[in-house]
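A.B. asks: this one's sequence-less:
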């Protein structure tokens, strides 16, 4: 998608064209969902829906190219994730019904069977500090630049570089160690 | 990756096989949502974008109202062109209907019909009247001339029967004969003294038919071209007045001789004593 096509798509999204939003969903939903899953969101699909609804509400205020639009979408996803974590931290855990538990286990097994995700990497990601995990996921899954990540997280580009370097080193070390062990 | 050259150098440590393994492992998280989840999300997005569509439609309608519409030029579209023959036909039939109803149409209205050779009924023509007048010498402008002028002016609507002039001609002749006889009787009865009772040189009273013809000619010359219908009506009435009407009951048979026919008839022949027809003419021509 070149610049002209993206601007036409953006204009269609601003006026509520279903086709434009379907194209935007096809382009961003897989990466956004992967980011939310890799961040350990409790219900990544629900959060994904909320991210797109927020994008619809705020689309009139956005202006920029395709790269800025992608960064804008991941910023919304990141902030929704943080809000969800805070919300769940404030709410006591309610015992789930049997039906809910069964559905949850079914979805977990579905994810397990379909996942190409290396559980070792997932475990290594969970052990990373939050800022390093966020940076590495935004850089790899979001395909965002260091400046975009810095702007989103309120950090300097240097700090983002440092976090990225450390995250990669840790993951590399963990995977190497695990490989040697196996 | 969406990284600049400087950023690529920072990632140089991660371009080895282990780093690529990390990148590949992380990219494994990137998967499209379940189709049911996707359908639900798109439906929610469509509901959320409804106000955006309404706002866009309102802006479009407002913008279209601000843009003045260009003035429409009349174009002869095929649809309009199809109505043209029908309109012409209606005008044609309407004009002809007026003529049939007795309306004397102006020359401008009759011109299209004359152009295609259609003669409208009940239309007077000054040229026809003038043609009759021009074709008849002044000396011959009698009853028949008047009838001819009347017929030309009224397009034969009030054409008086030709026999009317025969009877009138007989009356005129008998009046002239009686007048002449009266004159001779008066002259002979009164002798030479009475010979001067009517001064010589005074022309005799012309017959009624001749008077009619002369008056009709004068009227035609003055009024036929401007008010042909009225002229035709007047001429027709005048011609009818010359025509002997049905005698009242008990009036008796038509006179058998000129003397008897003129005995009780006033001068001018205004009181015909026999109905128009062969009897009167036959009797009037009786020697």
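C.D. replies: Yes, it's here. These numbers come from a predicted model, not from an experiment.
A.B. asks: ok, which stretches of chain A are helices?
C.D. replies: For chain A, the helices defined by DSSP state H occupy A:3-14, A:18-38, A:44-58, A:66-90, A:98-114, A:119-127, A:130-140, A:146-153, A:157-181.
A.B. asks: Can you convert the ones you listed into TSV and add a column each for mean neighbour count and mean pLDDT?
C.D. replies: The way it works is simple: take the backbone N, C-alpha and C, and place the C-beta from them, glycine included. As requested, those are arranged in TSV below (neighbours: other Cβ atoms under 10 Å in any protein chain shown; pLDDT from 0 to 100):
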stretch	mean neighbour count	mean pLDDT
helix A:3-14	15	90
helix A:18-38	21	96
helix A:44-58	20	96
helix A:66-90	17	93
helix A:98-114	10	61
helix A:119-127	16	83
helix A:130-140	23	95
helix A:146-153	20	94
helix A:157-181	17	82
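A.B. asks: Put together TSV for those, with distance to chain B on each row.
C.D. replies: Formatted as TSV, the helices of chain A follow (distance: least, Cβ to the nearest Cβ, whole Å):
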stretch	distance to chain B
helix A:3-14	7
helix A:18-38	3
helix A:44-58	4
helix A:66-90	6
helix A:98-114	8
helix A:119-127	4
helix A:130-140	5
helix A:146-153	5
helix A:157-181	5
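A.B. asks: And for residue A:38, nearest residue in space, chain neighbours not counted?
C.D. replies: Once its chain neighbours are removed from consideration, residue A:38 has its nearest residue in residue B:29; the separation is 4.7 Å (Cβ to Cβ, 6 or more residues apart in numbering or on different chains).
A.B. asks: what helix or strand is the one you found on?
C.D. replies: Taking DSSP states H and E as the definition, one finds residue B:29 inside no helix or strand.
A.B. asks: For the stretch 51-200 of chain B, what lies in contact range of chain A?
C.D. replies: Taking Cβ under 8 Å from any Cβ of the partner chain as the measure of proximity, the stretch 51-200 of chain B contacts chain A at B:51-53, B:55-56.
A.B. asks: What's the PyMOL line that selects buried ones from the residues you listed?
C.D. replies: Buried members of those, defined by 16 or more other Cβ atoms under 10 Å in any protein chain shown, are picked up in PyMOL with:
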select buried, chain B and resi 52+56
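A.B. asks: Can you show me the strands along chain B?
C.D. replies: Defined through DSSP state E, the strands belonging to chain B form an empty list.
A.B. asks: least trustworthy helix or strand in it by mean pLDDT?
C.D. replies: None of the helices or strands of chain B scores lower by mean pLDDT, DSSP states H and E than helix B:278-284, at a mean of 41.
A.B. asks: Pick out the residue nearest the middle of chain A.
C.D. replies: Compute the mean C-alpha point of chain A, and by Cα atoms, centre = their mean the closest residue is residue A:35, 2.5 Å away.
A.B. asks: Quick check, it in contact with residue A:140.
C.D. replies: No - with contacts counted by Cβ atoms under 8 Å, residue A:35 stays clear of residue A:140, the gap being 9.6 Å.
A.B. asks: now the helices of chain A in a markdown table, with distance to residue B:123?
C.D. replies: Shown next, in a markdown table, are the helices of chain A (distance: least, Cβ to Cβ, whole Å):
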| stretch | distance to residue B:123 |
| --- | --- |
| helix A:3-14 | 74 |
| helix A:18-38 | 74 |
| helix A:44-58 | 82 |
| helix A:66-90 | 86 |
| helix A:98-114 | 101 |
| helix A:119-127 | 110 |
| helix A:130-140 | 101 |
| helix A:146-153 | 97 |
| helix A:157-181 | 105 |
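A.B. asks: where exactly do the helices run in chain B?
C.D. replies: If you assign secondary structure with DSSP H, the helices in chain B sit at B:5-10, B:17-27, B:35-48, B:50-66, B:78-100, B:107-115, B:126-135, B:143-154, B:162-190, B:208-223, B:228-242, B:258-263, B:278-284.
A.B. asks: The residue nearest to the centre of chain A: what's it in contact with?
C.D. replies: A:74, A:77-78, A:137-138, A:141-142, B:29 (Cβ atoms under 8 Å, 6 or more residues apart in numbering or on different chains).
A.B. asks: Specify which member of these is nearest to residue B:41.
C.D. replies: Nearest to residue B:41 among the contacts of residue A:35 is residue A:77, at 13.4 Å by Cβ to Cβ.
A.B. asks: Let me see the contact set for that closest one.
C.D. replies: Neighbour list for residue A:77: A:32, A:35-36, A:47-48, A:51 [criterion: Cβ under 8 Å, 6+ apart].
A.B. asks: what about 10 Å?
C.D. replies: Applying Cβ atoms under 10 Å, 6 or more residues apart in numbering or on different chains to residue A:77 gives the contacts A:28, A:31-33, A:35-36, A:39, A:41, A:44, A:47-48, A:50-52, A:54-55, A:138, A:142.
A.B. asks: phi, psi of residue B:75?
C.D. replies: Comment: the main-chain dihedrals of residue B:75 come out as phi -120, psi 140, following degrees, to the nearest 10.
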